[in-house]
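>>> Make a model of this:
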Amino acid sequence: MSSCTSVPRQKQRRSSRRSGLTSGRDSQALSALGDFQTLPLEIFQMVLNYLSVKDISMLSMVSKTISGRLINYISTSSGSRRLLLQDFHRPELPARREGASILEHYKALGLLLKRCTLLLPTRDRLKYVHKVLAGVSCFKLNGCASPLHCLGLQCYGVFLQILTAGWDELECHRVFNFLWELSNLARKVQTVVSSKPGSARRLELRIRLYCRGVLLSPGSHRSDCAFWLTRILKPWPMVNQARLLYIIFGPVSSRDGEKRGAPGEEIPPKNVIWGRGVMGAKGAKMERKLRRGAGSGMSRERERDEPGTGAGNGNGMSLEQEQERDELRTGAGNRRGMSREREQERDEPGMG
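Model prediction:
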């Protein structure tokens, strides 16, 4: 009889322990929310609409529970509209945003996502950031119809600069590989460096703007720029590296941005980077010199060392013609010397 009564008591103790554990976890989560525990989730998100991005970023550091709620808020449609501003063709935000620069806004947004994803692995952080920013077309290499007058890539660059600040080299390698595969930059760069100069001028311009705006963001430290530039150039041979450097940092035509097509579409001039203008001619000439490379130097040395070729003479004469010319010069010099001796004998008295 006692054994029958002990079984229900054990079950009752286990159920009480489980209920105690769950209630303890719930109480911890509620205590982490603080005064926000009395607010429904919808009201909490409405409160966030009245806070600046910097204030939301500070709020994310209060507790892990609040950080999780902020992550859910950013993923909602109202949070995306609130945080992912897309006024990239106007440098200043509307008056309701206190006239702040859109670049400053995306710096603060980068810090917000950096703090919200602080406890996640690098791979998961990148996936979450890509999921949040996937709807911004101007952050893509071919996303904007007017890239010359768009701040989208620069905003993306400062966002990534703040997000990856303080990361170690291995994490930055993962970031670069993620961006390299996401934008399919390897195939596009291969198309540019293997084609004739100026034949893919639109793609050249977009690669230039993407590399300068996103990877080599203005205001970055010199060491960071050196790291990203090394990663860009490393997969390519030296000739393609030289051409890629010229595309990224080379001069641009003064007509850049003046020739326009349909509304909302920017058509770069034919000589933007490699075209038929002065800079395009210099670029093509440099390209030909680099392609000759060390092979041309070896051929010139071989021609200079071989007799009778006349390649290193600079006057188009063969070796036999030079020898005949030297003999004629020697004979003329001897005749001039004999004539001087006869004159001296004639002028001296008592001689002859």
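>>> ok, so what distance separates the residue nearest to Leu119 when sequence neighbours are not counted from Tyr73?
Closest residue to Leu119 in three dimensions, ignoring its sequence neighbours and counting by C-beta to C-beta, 6 or more residues apart in numbering: Lys64, at 7.2 Å. All C-beta spots, glycine's among them, are computed from the backbone N, C-alpha and C. Distance, Lys64 to Tyr73, by C-beta to C-beta, to the nearest Å: 15 Å.
>>> When the two are compared, which one has more neighbours?
Taking neighbours as other C-beta atoms under 10 Å, Lys64 and Tyr73 compare with Tyr73 leading, 20 against 12.
>>> For the more buried one, give me its contacts.
45, 48, 79 (C-beta atoms under 8 Å, 6 or more residues apart in numbering).
>>> Run through the residues that contact the last one.
Residues counted as contacts of Gly79 (C-beta under 8 Å, 6+ apart) are 45, 48, 73.
>>> which ones among those are found in helices?
Judged by DSSP state H, the subset of the contacts of Gly79 located in helices is 45, 48, 73.
>>> Relative to Gln86, which of these is nearest.
Tyr73 (18.7 Å; C-beta to C-beta).
>>> Chain neighbours aside, what residue packs nearest to the closest one?
Among residues not flanking Tyr73 along the chain, Gly79 sits closest, at 4.5 Å (C-beta to C-beta, 6+ apart).
>>> Where does that neighbour sit, in terms of helix or strand?
helix 77-83 (DSSP states H and E).
>>> What's the mean pLDDT across that helix?
Averaging pLDDT along helix 77-83 gives 89.
>>> can you dump the C-alpha coordinates of it into PDB?
Provided in PDB are the C-alpha atoms of helix 77-83 (Å, rounded to 0.1, in the frame of the first residue of the first chain):
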ATOM      1  CA  SER A  77       8.600  45.200 -42.300                       C
ATOM      2  CA  SER A  78       8.100  48.300 -40.100                       C
ATOM      3  CA  GLY A  79      11.600  47.900 -38.700                       C
ATOM      4  CA  SER A  80      13.100  47.600 -42.200                       C
ATOM      5  CA  ARG A  81      11.200  50.700 -43.400                       C
ATOM      6  CA  ARG A  82      12.400  52.600 -40.200                       C
ATOM      7  CA  LEU A  83      16.100  51.600 -40.400                       C
END
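>>> That helix: what's the following helix or strand?
Note on helix 77-83: by DSSP H and E, the next helix or strand toward the C-terminus is helix 102-116.
>>> helices and strands around that next one, which ones?
helix 53-59, helix 64-75, helix 122-133, helix 152-163 (3 or more C-beta pairs under 8 Å, 6 or more residues apart in numbering; DSSP states H and E).
>>> Okay, buried residues for it please.
Residues 102-103, 105-116 are the ones in helix 102-116 that count as buried (16 or more other C-beta atoms under 10 Å).
>>> Same check on stretch 61-77?
63, 65-67, 69-71, 73-74.
>>> Would you format these as JSON lines with distance to Leu233 included?
Output for these, formatted as JSON lines (distance: C-beta to C-beta, whole Å):
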{"residue": "Ser63", "distance to Leu233": "44"}
{"residue": "Thr65", "distance to Leu233": "45"}
{"residue": "Ile66", "distance to Leu233": "43"}
{"residue": "Ser67", "distance to Leu233": "38"}
{"residue": "Arg69", "distance to Leu233": "43"}
{"residue": "Leu70", "distance to Leu233": "39"}
{"residue": "Ile71", "distance to Leu233": "36"}
{"residue": "Tyr73", "distance to Leu233": "40"}
{"residue": "Ile74", "distance to Leu233": "35"}
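>>> Throw these into TSV and include pLDDT, thanks.
Below are these laid out as TSV (pLDDT from 0 to 100):
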residue	pLDDT
Ser63	87
Thr65	87
Ile66	88
Ser67	89
Arg69	90
Leu70	92
Ile71	91
Tyr73	91
Ile74	92
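>>> In contact with the spatially closest residue to Asn184 that is not a sequence neighbour, which residues?
Among residues not flanking Asn184 along the chain, Leu141 sits closest, at 7.8 Å (C-beta to C-beta, 6+ apart). Shown in contact with Leu141 (C-beta under 8 Å, 6+ apart): 183-185, 188, 206-207, 210.
>>> Surely Leu141 is within a helix?
No - counting by DSSP: H, G, I helix; E, B strand; the rest coil, Leu141 falls outside a helix, being coil.
>>> Give me the phi and psi angles of it.
phi -60, psi -40 (degrees, to the nearest 10).
>>> That one and Arg206: what is the separation?
To Arg206, Leu141 is 6 Å away according to C-beta to C-beta.
>>> For these two, list the residues in contact with both.
The contact sets of Leu141 and Arg206 overlap at Lys188 (C-beta under 8 Å, 6+ apart).
>>> re earlier: could you dump the contacts of Gly79 to TSV with distance to Leu133?
Formatted as TSV, these follow (distance: C-beta to C-beta, whole Å):
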residue	distance to Leu133
Gln45	20
Leu48	19
Tyr73	16
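>>> quick one: which of those residues is nearest Leu160?
Leu160 lies nearest to Tyr73 out of the contacts of Gly79, by C-beta to C-beta, at 21.8 Å.
>>> Quickly note the distance from that closest one to Leu112.
Taken as C-beta to C-beta, the span from Tyr73 to Leu112 is 11 Å.
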